[in-house]
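J.: I would like to see how this sequence folds:
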Amino acid sequence: MDGVTEVYSVTGRIDLMAVVRGKDHEMIADIVTQNLLKVDGIKTSETMIAFKVYSRHDLERMFSVGLE
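T.: Below you'll find the predicted structure:
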């Protein structure tokens, strides 16, 4: 599906997490409401916007605090 770049099977109160990428919030809203919510079996959605992306290097440094 255009705009969906990744889909993960996850644990918890939801079953799947989809990563949607678009040039602006309006495009993301259209992908979710016009495409994703029309897929058979999807009953609800919760949309979250990422403010910052962390590199693998940043994550490894953050989670190694106190291990040195």
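J.: tell me the buried residues in stretch 26-34?
T.: By neighbour count on 16 or more other C-beta atoms under 10 Å, the buried set for stretch 26-34 is 28, 31, 32. The C-beta positions use only the backbone N, C-alpha and C, and glycine is treated the same way.
J.: with adjacent residues omitted, what lies nearest to the residue positioned nearest the centre of the chain?
T.: Central residue check for the chain by C-alpha atoms, centre = their mean: the C-alpha nearest the mean position is that of residue 19, 3.3 Å away. Of all residues not flanking residue 19 in the chain, residue 6 sits nearest, at 4.1 Å (C-beta to C-beta, 6 or more residues apart in numbering).
J.: what is the burial count for the one you found?
T.: Residue 6 has 9 neighbours, counted by other C-beta atoms under 10 Å.
J.: could you tell me the phi and psi values at it?
T.: phi -150, psi 150 (degrees, to the nearest 10).
J.: did I read that right, residue 45 in a strand?
T.: No: under DSSP: H, G, I helix; E, B strand; the rest coil, residue 45 falls outside any strand and is assigned coil.
J.: which residues does it contact?
T.: For residue 45, the contact set (C-beta atoms under 8 Å, 6 or more residues apart in numbering) comprises 32, 36, 37.
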